[in-house]
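>>> Sequence below, structure please.
(2 chains)
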Amino acid sequence: MLDRHEAHDDRNLGQDLPKRDAATVADRPVADREVPLPGMAAAGEPALVIHQWLDGETSEAEARRADAKQVDLWKMISTETEQRRRMTTPAYVTANIMAAIPEARTATKMATATATSTSSMVESRSALPLTMVLMLGGGLVAIGIVIGKML
Amino acid sequence: MTEEEPTPADVDSDQDVISRILAGERDAFAMLIGRYSDPLYRHALGMTGSPDVAEDILQTSFIKAYHHLGEVRGRFDAWLFRIVANGCKDWLKNIRRTHLSYDEDDQPSTYASPDEDLDRTELRQDLDSALAQLAPSLREAFIMKHVEGRSYEEMADLLGTTVGALKMRVHRAREALQTLLEEKYD
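Sure, this is the predicted structure:
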């Protein structure tokens, strides 16, 4: 099964698009090709067994019979890939992520706390003039008494 | 009294955890990080070849995931994988790498002698260098198969493609790596 290439479907409509010839295919990087290169398929028999071994579909002995050198190379590569498979995320990465995401619950608490202190300020603002009025009233009464005594 | 392994029923499903987070239990997000960070870190490390970049991609991806948790439809792990994979591909598009190296200091050596250690470091660098020469789609397939140890079915599920196409990519990646490495290690 190959990847679907929807962009190529247009070619089935008989439009005058340039046809891909063998030379063009051969010029493309090996890595991007979805079909075997001319000449590569011939050497595919031992390689196929190696792939089957690497995919767990056949035994190492079978693969060794096909190409012992390739088996040795892949065993060496496997020691490295298995080492990488055991790598873990550094602990500080999790801490960094948690530190970077919004403090939703704390923010709610902070918002509540802010709202409470704001309402207290509103209350104290509304209470302040009353105290001042009382003090001013008391002061005025005292001044009145003093003036009355002087007269 | 022996400690028993938690059964699947004991472990909150991803969807349960997501529901808790969306309900305001922010700290439950650490559970999702714990579940998925290691394989995703290995993926990002394999794709970029740089621990620093891999960490950045992982952090950015998880933060992005947190902000879009409400949009998760279907499997969370596949959705998160796509965010990380796209982050890697975007990075690869924007950067031209000249050299790759893993941070040796973080990884304890499992090799007996200094010579073996040296050989291994050389192989590591050569493999990194060879991987860097692969097309991103082939590198991705090789990393998922050989470093992350995923099955073709799992890879197909995560990448939204067929097992056959992925086998083809892995085979091509192996052939290219073999060509690049066999001269030196023959």
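
>>> which SSE is the residue positioned nearest the centre of chain B in?
In chain B, the centroid-proximal residue (CA atoms, centre = their mean) is residue B:43; its distance is 1.4 Å. Secondary structure from DSSP states H and E places residue B:43 in helix B:29-48.

>>> Need the distance between the two termini of stretch B:42-61.
From its first residue to its last, stretch B:42-61 covers 14 Å (CA to CA, to the nearest Å).

>>> now do stretch B:144-152
First-to-last residue span, stretch B:144-152, CA to CA: 9 Å.

>>> Okay, buried residues for that stretch please.
Of the residues in stretch B:144-152, B:144, B:145, B:146, B:147, B:148, B:150, B:152 count as buried by neighbour count, 16 or more other CB atoms under 10 Å in any protein chain shown. Placement of C-beta: from N, CA and C, glycine included.

>>> low pLDDT regions in the chain?
Using chain A. Judged by pLDDT under 70, chain A has its weakly predicted residues at A:1-45, A:104-133, A:151.

>>> not quite, I wanted chain B
Those would be B:1-11, B:96-120, B:186, if you go by pLDDT under 70 across chain B.

>>> Which helix runs longest in it?
Longest helix in chain B, counting residues (DSSP state H): helix B:163-185.

>>> Quick check, the residue in chain B closest to chain A?
residue B:164 (2.8 Å; CB to the nearest CB).

>>> can you count the residues close to that residue?
Applying other CB atoms under 10 Å in any protein chain shown, we find 13 residues neighbouring residue B:164.

>>> Ok, residue B:68 next?
As a burial measure, residue B:68 scores 11 neighbours (other CB under 10 Å).

>>> Quick one: residues contacting residue B:152.
By CB atoms under 8 Å, 6 or more residues apart in numbering or on different chains, the residues touching residue B:152 are A:55, B:145, B:163, B:166, B:167, B:170.

>>> Got phi/psi on residue B:161?
phi -130, psi -170 (degrees, to the nearest 10).

>>> Quick check: residue B:182 touching residue A:72?
No. Between residue B:182 and residue A:72 there is no contact under CB atoms under 8 Å: 9.9 Å.

>>> between the helix or strand just after the helix holding residue B:43 and helix B:29-48, how many degrees?
Under the assignment DSSP H and E, the closest C-terminal helix or strand after helix B:29-48 is helix B:51-67. Counting by axes from the mean of the first three to the mean of the last three CA atoms, to 10 degrees, helix B:51-67 points 140 degrees away from the direction of helix B:29-48.

>>> For the next helix or strand after helix B:51-67, buried residues please.
Where DSSP H and E defines the elements, the next helix or strand beyond helix B:51-67 is helix B:76-94. Neighbour counts over helix B:76-94 (16+ other CB under 10 Å) mark B:76, B:77, B:79, B:80, B:81, B:83, B:84, B:85, B:87, B:88, B:91, B:92 as buried.

>>> how many neighbours does residue B:70 have?
A count of nearby residues for residue B:70, using other CB under 10 Å, gives 8.

>>> give the contact list for it.
residue B:22.

>>> any idea how far it lies from residue B:23?
Counting by CB to CB, to the nearest Å, the gap from residue B:70 to residue B:23 is 11 Å.

>>> swap in residue B:175?
In terms of CB to CB, residue B:175 sits 51 Å off from residue B:23.

>>> So if I had to pick from these two, which one is more boxed in?
residue B:175 (21 against 9).

>>> For that one, which non-adjacent residue is spatially closest?
Spatial nearest neighbour of residue B:175, excluding adjacent residues (CB to CB, 6 or more residues apart in numbering or on different chains): residue A:47 at 6.9 Å.

>>> Show me the contact partners of the host helix or strand of the one you found.
Per DSSP H and E, residue A:47 falls inside helix A:44-54. With contact meaning CB under 8 Å, 6+ apart, helix A:44-54 is reached by A:36, A:58-60, A:62-63, A:65-67, A:70-71, A:74, B:146, B:171, B:174-175.

>>> Over to stretch B:21-41?
So stretch B:21-41 is contacted by A:87-89, A:93-94, A:97-98, A:101-105, A:108, B:12, B:14, B:17-18, B:20, B:54-55, B:58, B:61-62, B:65-66, B:69-70, B:76-77, B:80-81, B:84, B:148 (CB under 8 Å, 6+ apart).

>>> mind listing what's buried in it?
In stretch B:21-41, counting by 16+ other CB under 10 Å, buried: B:21, B:26, B:28-33, B:35-41.

>>> Widest-spaced pair of the residues you listed?
B:26 and B:39 (23.5 Å; CB to CB).

>>> just to revisit the earlier point, any chance of the contacts of residue B:152 in a markdown table, with distance to residue A:143 too?
Shown next, in a markdown table, are the contacts of residue B:152 (distance: CB to CB, whole Å):
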| residue | distance to residue A:143 |
| --- | --- |
| A:55 | 103 |
| B:145 | 96 |
| B:163 | 99 |
| B:166 | 96 |
| B:167 | 102 |
| B:170 | 99 |
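
>>> between these, which is closest to residue A:149?
Out of these, the member with the shortest distance to residue A:149 (by CB to CB) is residue B:145, at 105.1 Å.
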